[in-house]
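Participant: quick one: sequence and predicted model below, then my questions.
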Amino acid sequence: MQPIAESELIINKDGSIFHLHLKPEQLADTVLLVGDPGRVATISDMFDKIEHKVQNREFVTHTGTYKGKRFTALATGIGTDNIDIVLNELDALVNIDLKTRLPKPEHKTLNLIRIGTSGGLQEDLDVDSFLMTETAIGFDGLLNFYKKRNSVCKLDIEKEFKTHMNWNPLLTSPYFVDGSKELLEKLGDGIRKGMTISAPGFYGPQARVIRLDIQDPDINDKIRSFSYDNKKITNYEMESSALFGLSALLGHKAATICVIIANRYAGKYSKDYKPAVKKLIETVLNRLV
């Protein structure tokens with residue numbers, strides 16, 4: 001086997017991975033992913049101690065312990081394009097020998113849990129409530145660039161959804177991929193489950209109209225009315241499809257739990273969602289230990 005070329009796997013002069021600026025020893029096996037760099041400190045403030053603080057661009061990482069268990073809190077920034085960077089580099093940190101540039105003989109599995117915020121698409125989703133993603137729906141197209149995407153995607157529901165939506169061929173083909181069943185059971189007790197769309201933008205791709213009309217003004221109504229196996233699409237966010245898809249392809253366990261901060265159809269927005277996010281972080285940490 002040939003070593004991975006320097007142009008494909010870029011290592012910084014200090015031995016850290018290119019974008020994240022992390023070294024293997026600075027990463028815990030359980031990683032809490034947040035979009036907002038400022039939210040990393042909200043997590044690490046709960047740690048017993050902090051071992052490492054690393055930052056490059058929007059990628060902020062704090063590693064430490066909570067009740068004796070080691071965690072990494074990592075900000076990905078917004079969007080599935082950033083998740084592509086984060087997932088591939090996290091996997092390289094644990095499954096590639098960065099000195100020889102060769103895969104390690106034994107695979108290591110990471111637990112990757114996204115804690116985020118989201119907009120509800122069903123009227124009965126209360127603002128400041130929690131929702132755990134059972135299936136992520138990619139409107140972003142990222143996973144379609146990877147050869148084995150069909151091996152981790154739910155092809156039957158993809159077909160039914162595209163038919164239901166009369167899917168516009170100008171848009172990227174959507175994909176459906178489940179999160180980790182093990183993490184769903186460990187973290188999801190008493191939390192509503194749903195199917196979550198990861199959109200490639202906040203405005204037009206989520207059917208928000210400011211000054212630009214969107215190509216299908218009825219898209220959210222069609223999304224809301226879709227049902228598969230008695231399950232509805234519950235919410236929008238911007239990262240989970242790539243997180244679930246790449247984790248499945250790379251052999252990691254992934255989960256997403258979000259605070260619903262807006263309900264698009266009830267017309268409600270949280271007056272202050274930060275306490276709910278903090279409560280969600282505490283809930284996730286305690287369930288993981």
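Facilitator: Perfect, I can see it now.

Participant: strands of the stretch 1-150 of the chain, residue ranges please.
Facilitator: Counting by DSSP state E, counting those that start in this stretch, the stretch 1-150 of the chain has these strands, from start to end: 30-34, 49-56, 59-66, 69-75, 96-97, 102-103, 111-120, 130-138.

Participant: Val177 is nearest to which of those strands?
Facilitator: Comparison of the strands of the stretch 1-150 of the chain against Val177 by CB to CB identifies strand 130-138 as nearest, at 5.7 Å. For the C-beta atoms, the positions are set from N, CA and C on the backbone; glycine is no exception.

Participant: quick one, that closest one and strand 111-120 angle?
Facilitator: What separates the directions of strand 130-138 and strand 111-120 is an angle of 90 degrees, with axes from the mean of the first three to the mean of the last three CA atoms, to 10 degrees.

Participant: who are the packing partners of strand 130-138?
Facilitator: Helices and strands touching strand 130-138, as assessed by 3 or more CB pairs under 8 Å, 6 or more residues apart in numbering; DSSP states H and E, comprise strand 175-178, helix 181-187, strand 192-198, strand 231-237, helix 240-250, strand 253-263, helix 274-288.

Participant: try it again with 6 Å
Facilitator: Where contact means 3 or more CB pairs under 6 Å, 6 or more residues apart in numbering; DSSP states H and E, strand 130-138 is packed against strand 175-178, strand 192-198, helix 240-250, strand 253-263.

Participant: partner strands of the helix or strand bottoming out on mean pLDDT in the chain and their direction?
Facilitator: The helix or strand with the lowest mean pLDDT-type score in the chain, counting by mean pLDDT, DSSP states H and E, is strand 268-269 (a mean of 90). If you go by DSSP bridges, strand 268-269 pairs up with strand 253-263 (antiparallel).

Participant: can you give the contact residues for the partner strand?
Facilitator: When contacts are taken as CB atoms under 6 Å, 6 or more residues apart in numbering, the neighbours of strand 253-263 outside the stretch itself are 111-114, 116-120, 125, 127, 129-133, 179-180, 183, 187, 237, 240, 243-244, 247, 269-270, 273, 276-277, 280.

Participant: and for stretch 15-35?
Facilitator: Applying CB under 6 Å, 6+ apart, the external contacts of stretch 15-35 come out as 10, 43, 52, 54, 56, 59, 61, 63, 70-76, 78, 85, 89, 93, 110-116.

Participant: what residue is smack in the middle of this protein?
Facilitator: Ser240 (3.3 Å; CA atoms, centre = their mean).

Participant: between the helices and strands packed on strand 130-138, which gets nearest to Lys232?
Facilitator: Among the helices and strands packed on strand 130-138, strand 192-198 comes nearest to Lys232, with 6.9 Å by CB to CB.

Participant: next, the angle strand 253-263 makes with the closest one.
Facilitator: An angle of 90 degrees separates the directions of strand 192-198 and strand 253-263 when computed by the same axes, to 10 degrees.

Participant: I'd like the average pLDDT over strand 192-198.
Facilitator: Per-residue confidence for strand 192-198 averages out to 98 on the pLDDT scale.

Participant: off-centre distance for the helix or strand that it is followed by?
Facilitator: Elements were assigned by DSSP states H and E; along the chain past strand 192-198, the next helix or strand is helix 219-225. Relative to the chain's own centre, helix 219-225 is displaced by 22 Å; criterion: CA atoms, centre = their mean, to the nearest Å.

Participant: same deal with stretch 77-94?
Facilitator: The gap between where stretch 77-94 is centred and where its chain is centred comes out at 10 Å by CA atoms, centre = their mean.

Participant: contacts for that stretch, please.
Facilitator: Around stretch 77-94, the neighbours that count as contacts under CB under 6 Å, 6+ apart are 17, 19-20, 24, 27, 35, 58, 76, 108, 140, 142, 198, 238-239, 242-243, 246, 250.

Participant: now swap in stretch 44-56 and tell me
Facilitator: Contacts for stretch 44-56 (CB under 6 Å, 6+ apart): His21, Leu22, Gln26, Thr61, His62, Thr63, Gly64, Thr65, Tyr66, Ala73.

Participant: run the last query once more with 7 Å
Facilitator: Where contact means CB atoms under 7 Å, 6 or more residues apart in numbering, the residues beyond stretch 44-56 that reach it are 19-22, 26, 61-67, 73, 281-282, 285.

Participant: show me which residues of it are buried.
Facilitator: Residues of stretch 44-56 classed as buried by neighbour count (16 or more other CB atoms under 10 Å): Ser44, Met46, Phe47, Val54.

Participant: adding distance to Val289, write these out as JSON lines.
Facilitator: Conversion of the buried residues of stretch 44-56 to JSON lines gives the following (distance: CB to CB, whole Å):
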{"residue": "Ser44", "distance to Val289": "15"}
{"residue": "Met46", "distance to Val289": "11"}
{"residue": "Phe47", "distance to Val289": "12"}
{"residue": "Val54", "distance to Val289": "23"}
